[in-house]
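> Below are the sequence and a predicted model; questions follow.
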There are 2 protein chains.
Amino acid sequence: MLPLQQFQDFIREQALFNKDHRILLAVSGGKDSVLMLHLFKAIGVTFGVAHCNFNLRGAEAQRDENFVKMLSSSLNLPFYVTHFETKKYAEEHKISTQMAARSLRYAWFEEIRANHGYHYIALAQHQNDAVETVLINLTRGTGISGLHGILPKRDKLIRPLLFLNRSEIEVLINDNQLDFVEDSSNASLDYTRNKIRHTVVPALAEINPRLEKTFTENISRFAEVEMFLNQEVEKLSIRLIEHRADGHYIALKEIEQLNPQKLLFFELLKSYKFTEFVVAEILMNLNGQSGKRFLSETHEAIIDRNALVIVAKDPTIVHYQTLHPNTEQVEFLGEVVSLSFSETIKFEVSPAKAYVDNDLLIFPLILRTWQNGDRFIPLGMRNYKKVSDFFIDEKVSLHQKSRIPVLVNGNGEIIWLAGMRQDNRYKLTATTKKVAIFEVKIK
Amino acid sequence: MLPLQQFQDFIREQALFNKDHRILLAVSGGKDSVLMLHLFKAIGVTFGVAHCNFNLRGAEAQRDENFVKMLSSSLNLPFYVTHFETKKYAEEHKISTQMAARSLRYAWFEEIRANHGYHYIALAQHQNDAVETVLINLTRGTGISGLHGILPKRDKLIRPLLFLNRSEIEVLINDNQLDFVEDSSNASLDYTRNKIRHTVVPALAEINPRLEKTFTENISRFAEVEMFLNQEVEKLSIRLIEHRADGHYIALKEIEQLNPQKLLFFELLKSYKFTEFVVAEILMNLNGQSGKRFLSETHEAIIDRNALVIVAKDPTIVHYQTLHPNTEQVEFLGEVVSLSFSETIKFEVSPAKAYVDNDLLIFPLILRTWQNGDRFIPLGMRNYKKVSDFFIDEKVSLHQKSRIPVLVNGNGEIIWLAGMRQDNRYKLTATTKKVAIFEVKIK
């Protein structure tokens, strides 16, 4: 027997959809999505089935595709399928196979949904997926927004299986003798999720046997707190941010009165993409000299006499890339900057490489083009030099100047003018324990 | 070398205390508290040392006491010591040894602090303790307030070691060759903390090697969100709760407009100790009949025509006990009420016992004394009867009346007047699957 009452209660409580809506189901053929398909069939909603073949598992992927196709046709359901060159896409975009699969999948689902008149895309994620996501976010670092886990509804995506946990799904699959394919993509789960699923969650479940239900309750409490915070920040933003032709203005005295200041100021600036570190920097400089500038991926903030002024950066002029500790390489204006680490303390003298004391790095690092006011201490020197003066000394042309990647630490200090000179503060010393090696190559 | 600069920065950033304050250090003699003691000594603050001997580990406990005494005397520090009969106290209060140790310890520290002119009590908890506390709270179920972990400062308690993690403390103990005693109480850690410390945290640390620092940052973000929520709820409370001589009034139409309603209403009622379940019950009944009553441990809420009215229960008259599904027995005014379950559907007729359909129970149940307005449907009858009228019919004296345990369901309905009559709504029927058996005995 299928838990139709619970399923319908959940759909109603979470306002997922109503009987007039047409739903597109993402079906891999594994237990979760197969159960979801049978639940939809049983409650008599109009729906179609979408299946992605990522071409990652050869014959097995073809078997999965055939299974979902047969299942759909036996139930007279519209069936949509696509084949991705996932590996190739991942290589071209320099992202992991998993990230590639994820972004290809969501883009295609949305395309099918919009072109074939479906209202929502239903994903078969369940309570254990939500628990894992919360634990992963906590482990990697998060604010309140990382605690809602996977939401039952977000934009066009709905997750109607969030009223069940993994073992409940297994029991239902067995009891109802539903056919499915063993989804071997689980075997290729990334390291982090694997560790959480197979070590952390079982240990927590020994403490609390109804762990998934408890997390579902936690998540719903956190989601309400987040909703309240967003709603209050929205009011604050309307009251404090004045949008003028030349930028967004926030009076400095209003910023000073925010309480709790760090949280509210960060949330106010969220849409301008300033990092937590830069937000703290701005706060420390509120009473400092006028004219100080701070950068985000998309915007620039300037401390004016009485206000902080935020302006969008001209994307055609300033280029910007973020480097995380696990970034292997990034493209930047036709060049490739790579990052690697070494515990052997040695270096070679080359403008194409920078050997940096790893302990001094504050991630994320930023790779950007030169800006007015940039200064650094060239390797071998003791005092600051303006980057513009350095370029003049080195006879760099105006055109070249705007293409040289500048590597900037999380604290705003310049680490390296890529291909030219690194900063003296970041060189290796007798106490260096680990070396970060940056290298630039023409692509 | 001790990290004095970091220590002092942390004390200043967290506003833990200033140089005029006298601090009482809780010192077990283990690594953490020994390091804390040496840090305090090095920065030249006035402080004393307090040590608890819980008499749980025989000769070893005496060795620890001697060690801390010698250390204090060698550094000319005031030394306070006490011996607890922890096991006996735990038995008398029917709590775990660990709960007993905890409550004895805090009460005694506070006594020494107040009587000897200390401003704060310093506890040597570090970042790993905070990580563990967050994970334990999440696993057991929590709202935002369970996410700040262990705070650096709360009332008279300060935790100046929260800038360090466990392995940093070990390195400092070794590098500075500090003597300590191996705190064997760690070996008797409760099951939950052990599991978190030895299985969960190491697995998470494989994903993120700087886990403790990441959690410290998470915690500080969550603490700001909580602070913001508390501050906004405080404003809301001033605006919405009218304190009159006969109770606290909240207009029903204001409750209806709260958004997000469940969160804000729960937070508004927090100081009156209503559970999340009862808060949800009140919300579902807002438009229902006037006169409906809801109970907390300390208060009673009544839906009046236009307002919810909250009144304190008279603690000298009303007694109150909570029963969970795993409660085997509770004491109540010299009697013992026990709870057991049976899958065999049978019962005996006895006023000392109630046989109740388990499916109807909403835990936690409440055991309390009779209150004005109580009514129930006596077993065998069809209509409500006032409990006061029932007592008159049964010739119960005024004195007896105030000692009869009344068992109340999570929805507020009376299940049983213990020793007298159970409610007809809760009797066994043909569809009963499991029986909950309540029994009352003179102790």
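Thanks, I have it.
> Over to A:Leu308: give its phi and psi.
phi -90, psi 130 (degrees, to the nearest 10).
> so it bridges to which residues?
Under DSSP bridges, the beta-bridge partners of A:Leu308 are A:Ile250, A:Ile303.
> any idea whether A:Glu439 is helix, strand or coil?
Judged by DSSP: H, G, I helix; E, B strand; the rest coil, the three-state class of A:Glu439 is strand.
> So it sits against A:Glu335, correct?
No: using CB atoms under 8 Å, A:Glu439 is not in contact with A:Glu335; the gap is 10.3 Å. (Each C-beta comes from the backbone N, C-alpha and C, glycine too.)
> any idea how far A:Arg197 is from chain B?
Distance, A:Arg197 to chain B, by CB to the nearest CB, to the nearest Å: 11 Å.
> now do A:Phe332
Counting by CB to the nearest CB - A:Phe332 and chain B are separated by 27 Å.
> same deal with A:Thr369?
30 Å.
> Which of the helices or strands spans the nearest residue to A:Trp108 once chain neighbours are set aside?
Of all residues beyond its chain neighbours, the one nearest A:Trp108 is A:Thr82 (5.4 Å), with distances taken as CB to CB, 6 or more residues apart in numbering or on different chains. Per DSSP states H and E, A:Thr82 falls inside strand A:79-83.
> What of A:Phe40?
Assigned by DSSP H and E, A:Phe40 falls in helix A:31-43.
> Tell me the helix or strand right after that helix.
Downstream of helix A:31-43, the first helix or strand assigned by DSSP H and E is strand A:46-53.
> just so I have it, where are all the strands in the stretch 201-350 of chain A?
A:241-244, A:247-251, A:293-295, A:299-303, A:307-312, A:320-323, A:329-332, A:335-342 (DSSP state E, counting those that start in this stretch).
> Same list, those, but as JSON lines with distance to A:Leu37, mean pLDDT and mean neighbour count please.
Below are those laid out as JSON lines (distance: least, CB to CB, whole Å; pLDDT from 0 to 100; neighbours: other CB atoms under 10 Å in any protein chain shown):
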{"stretch": "strand A:241-244", "distance to A:Leu37": "47", "mean pLDDT": "91", "mean neighbour count": "12"}
{"stretch": "strand A:247-251", "distance to A:Leu37": "48", "mean pLDDT": "94", "mean neighbour count": "18"}
{"stretch": "strand A:293-295", "distance to A:Leu37": "48", "mean pLDDT": "86", "mean neighbour count": "18"}
{"stretch": "strand A:299-303", "distance to A:Leu37": "45", "mean pLDDT": "91", "mean neighbour count": "19"}
{"stretch": "strand A:307-312", "distance to A:Leu37": "45", "mean pLDDT": "92", "mean neighbour count": "18"}
{"stretch": "strand A:320-323", "distance to A:Leu37": "40", "mean pLDDT": "82", "mean neighbour count": "18"}
{"stretch": "strand A:329-332", "distance to A:Leu37": "41", "mean pLDDT": "84", "mean neighbour count": "17"}
{"stretch": "strand A:335-342", "distance to A:Leu37": "44", "mean pLDDT": "88", "mean neighbour count": "16"}
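> how about the ones you listed, which one is nearest B:Tyr89?
strand A:335-342 (54.3 Å; CB to CB).
> does chain B sit close to the closest one?
No: figure legend: strand A:335-342 not in contact with chain B (CB under 8 Å from any CB of the partner chain); closest approach 12.6 Å.
> send the alpha carbons of that strand over as CSV?
Extracted in CSV, the C-alpha atoms of strand A:335-342 (Å, rounded to 0.1, in the frame of the first residue of the first chain):
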residue,chain,number,x,y,z
GLU,A,335,45.6,33.3,-19.5
VAL,A,336,45.4,30.4,-17.1
VAL,A,337,46.4,30.9,-13.5
SER,A,338,47.0,27.6,-11.6
LEU,A,339,47.3,26.9,-7.8
SER,A,340,49.2,24.0,-6.2
PHE,A,341,50.7,23.3,-2.8
SER,A,342,54.0,21.8,-1.7
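> immediately after it, which helix or strand?
Sequence order places strand A:353-357 as the next helix or strand after strand A:335-342, per DSSP H and E.
> strand partners of the helix or strand that that next one is followed by, parallel vs antiparallel please.
Using DSSP H and E, the helix or strand that follows strand A:353-357 in sequence is strand A:365-368. Strand A:365-368 has these partner strands in its sheet, going by DSSP bridges: strand A:320-323 (antiparallel), strand A:406-408 (antiparallel).
> JSON lines for those strands, including distance to B:Val171?
Output for the strands paired with strand A:365-368, formatted as JSON lines (distance: least, CB to CB, whole Å):
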{"stretch": "strand A:320-323", "distance to B:Val171": "29"}
{"stretch": "strand A:406-408", "distance to B:Val171": "31"}
